[in-house]
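Enquirer: Okay, sequence plus prediction incoming.
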Amino acid sequence: MEVWEKSVYKKDYERELQYAEDIIMKSLNRYVWEYPHVSTGNRYVPEKNELWTSSFFIGMCFLAYEHSGDSIFLTYEKEYLQSFEDRLIKKRHISHDLGFLYTLSCVADYKVTGNPEGKRIALMAAEMLAERYNEKGRYIQAWGEMGIPYPNVKIIIDTMLNLPLLYWTGEADKAAMAENHAETAARTLVRPDYTTYHTYLMDPATGKAVCGKTHQGHRDESVWARGQAWAVYGYALSYRYTGNPGFLKVAENAAEVFIGNMPENRVPYWDFDFTDENPDIRDTSAASIFVCGLLELCAHVPEEQADRYLCYAEATMKSLREQYSTRQIPGSDGLLTEGMYHRNDGAEECTIWGDYFYMEALMRLTRDWKMYW
Ligand code: GLY
């Protein structure tokens, strides 16, 4: 039996999906050329298509369309594609995040509606992502121009969610780049105990890995909760595409680290340095990404293990809807409160990626959902 068929809170999930659609519907005309990112006072403002997050609202529109069958959610399909093609042509803010950006806009459009324009633009984006591959070091450079020297080059754990764009092309050279990057990250960003560094400094001239550093975590040697969630979901996805058993092992063990660091209510603090005994603020977006990772893992592990993951996923979803819903905040256009971008920039706010992954989790828990990744 598929894990979603065993899910026990289907009515609650359907209610949450309906709520998400109501929120999206209210915002549909507001986010056509500019998109939500992190809220201020639990309300988003439209931001130029220059951030790593510009595609998440569009991904939510495709989810809403798939769930409801209502084509109103596709009203701005053409505008979205044009906005994303413009960004590529003008090379505006190009980084490893091409994966997030073009998977949830153009690939999703192609997968959901069959629109060949979505496929064409996504393939252009994959080509540009492949240009960030360093042959010697077998990694994809996260940020900055290509060609900049040490010590300005990093790989980061978030890239694991950008790899599916390369795998999806079905082109052997791009799939090999993605797999090689995942292997390099497993040797560097993933520590021997399956906790993760947020970033790792690389020397692009020699390809040598230098040392682990944090960017959004509490300290270099701590575990940034969202980074650990990217590792769980990202390695599960890399396993789906490659069948490489090493990737499944990383995803499973990274999930155990996450489970072992869950507070009582199963919504993590932003860094695992913090606990119920030593609390700080939480990151609901890390929770929703982690749930998607667990649900993806369920497809690849024995039934008993999948049942255990489902239990954890459902407990986290219960906390999210009961304690962190924007239902209690009139005028909010987000779904989940208490997400975090940086500790000192966008904390205790709605985050559009947290909302997207929450909605993706709801889809995964209610039906046989075909992923956009
Ligand atoms: N990928 C950027 C972040 O997780 O904040």
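Expert: Sure thing, it's come through.

Enquirer: What about Thr184, how many residues nearby?
Expert: Other residues near Thr184 come to 20 when the count uses other CB atoms under 10 Å. Bear in mind the C-beta positions are built from the backbone N, C-alpha and C, glycine included.

Enquirer: What pLDDT is listed against it?
Expert: Turning to Thr184, the model gives it a pLDDT of 99.

Enquirer: any idea which helix or strand carries it?
Expert: helix 172-188 (DSSP states H and E).

Enquirer: If you count neighbours, what's buried in that helix?
Expert: 174-175, 177-186, 188 (16 or more other CB atoms under 10 Å).

Enquirer: Show me what that helix packs onto, helices and strands only.
Expert: helix 116-130, strand 139-140, strand 153-156, helix 163-168, strand 208-213, helix 225-242, helix 245-260 (3 or more CB pairs under 8 Å, 6 or more residues apart in numbering; DSSP states H and E).

Enquirer: Put together TSV for these, with mean neighbour count and distance to the ligand on each row.
Expert: Formatted as TSV, those follow (neighbours: other CB atoms under 10 Å; distance: least, CB to the nearest ligand atom, whole Å):
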stretch	mean neighbour count	distance to the ligand
helix 116-130	19	14
strand 139-140	28	13
strand 153-156	24	8
helix 163-168	25	13
strand 208-213	15	15
helix 225-242	27	5
helix 245-260	19	15
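
Enquirer: Turn these into a markdown table, including distance to Leu365 and mean pLDDT.
Expert: Converted to a markdown table, the helices and strands packed on helix 172-188 look like this (distance: least, CB to CB, whole Å; pLDDT from 0 to 100):
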| stretch | distance to Leu365 | mean pLDDT |
| --- | --- | --- |
| helix 116-130 | 26 | 98 |
| strand 139-140 | 31 | 98 |
| strand 153-156 | 29 | 98 |
| helix 163-168 | 21 | 99 |
| strand 208-213 | 34 | 98 |
| helix 225-242 | 15 | 99 |
| helix 245-260 | 17 | 99 |
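
Enquirer: As a markdown table, the ones you listed with distance to Pro330 would be great.
Expert: Below are the helices and strands packed on helix 172-188 laid out as a markdown table (distance: least, CB to CB, whole Å):
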| stretch | distance to Pro330 |
| --- | --- |
| helix 116-130 | 36 |
| strand 139-140 | 43 |
| strand 153-156 | 37 |
| helix 163-168 | 37 |
| strand 208-213 | 41 |
| helix 225-242 | 28 |
| helix 245-260 | 33 |
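
Enquirer: The residue in the stretch 151-300 of the chain positioned nearest to the ligand in helix, strand or coil?
Expert: Closest contact between the stretch 151-300 of the chain and the ligand, by CB to the nearest ligand atom, is at Asp158 (3.7 Å). Under DSSP: H, G, I helix; E, B strand; the rest coil, the three-state class of Asp158 is helix.

Enquirer: Which pLDDT value goes with the residue nearest to Trp52 when sequence neighbours are not counted?
Expert: The shortest distance from Trp52 to any residue other than its chain neighbours is 3.8 Å, reached at Asp97 (CB to CB, 6 or more residues apart in numbering). Here, the pLDDT recorded for Asp97 equals 98.

Enquirer: and whichever residue of the stretch 1-150 of the chain sits closest to the ligand, what is it in contact with?
Expert: The ligand sits closest to Trp52 of the stretch 1-150 of the chain, with a gap of 5.6 Å, by CB to the nearest ligand atom. Applying CB atoms under 8 Å, 6 or more residues apart in numbering, we find Trp52 in contact with Ser95, Asp97, Phe100, Leu101.

Enquirer: which other residues reach the helix holding Thr184?
Expert: The contact list for helix 172-188 (CB under 8 Å, 6+ apart) reads 126, 130, 133, 137-140, 155, 157, 159-160, 163-164, 166-167, 169, 197, 200, 209, 212, 234-235, 238, 241-242, 244, 246-247, 250.

Enquirer: remind me which residues of the chain are low pLDDT?
Expert: Along the chain, no part satisfies pLDDT under 70.

Enquirer: Give me the packing partners of the longest helix anywhere in the chain, helices and strands only.
Expert: Counting by DSSP state H, the longest helix found in the chain is helix 303-323. Applying 3+ CB pairs under 8 Å, 6+ apart, we find helix 303-323 packed against helix 3-6, helix 10-27, helix 245-260, helix 284-298, helix 352-366.

Enquirer: Packed most tightly, which of those helices would that be?
Expert: helix 284-298 (a mean of 28; mean count of other CB atoms under 10 Å).

Enquirer: and it with helix 245-260, angle?
Expert: 130 degrees (axes from the mean of the first three to the mean of the last three CA atoms, to 10 degrees).

Enquirer: CA atoms only: put helix 284-298 into CSV for me.
Expert: The C-alpha coordinates for helix 284-298 follow below in CSV (Å, rounded to 0.1, in the frame of the first residue of the first chain):
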residue,chain,number,x,y,z
THR,A,284,8.6,26.1,10.2
SER,A,285,10.0,26.1,6.6
ALA,A,286,12.7,23.5,7.7
ALA,A,287,9.8,21.4,9.1
SER,A,288,7.8,21.4,5.9
ILE,A,289,10.9,20.6,3.7
PHE,A,290,11.8,17.8,6.1
VAL,A,291,8.2,16.3,5.8
CYS,A,292,8.5,16.3,2.0
GLY,A,293,11.9,14.6,2.4
LEU,A,294,10.5,11.9,4.7
LEU,A,295,7.5,11.3,2.3
GLU,A,296,9.9,11.0,-0.6
LEU,A,297,12.0,8.5,1.4
CYS,A,298,8.9,6.4,2.1
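
Enquirer: quick one: it to helix 225-242, angle?
Expert: Using the same axes, to 10 degrees: helix 284-298 against helix 225-242 is 30 degrees.

Enquirer: residues from the protein in reach of the ligand?
Expert: When proximity is defined by CB under 6 Å from any ligand atom, the chain lies next to the ligand at Trp52, Asp158, Gln216, Arg226, Tyr341.
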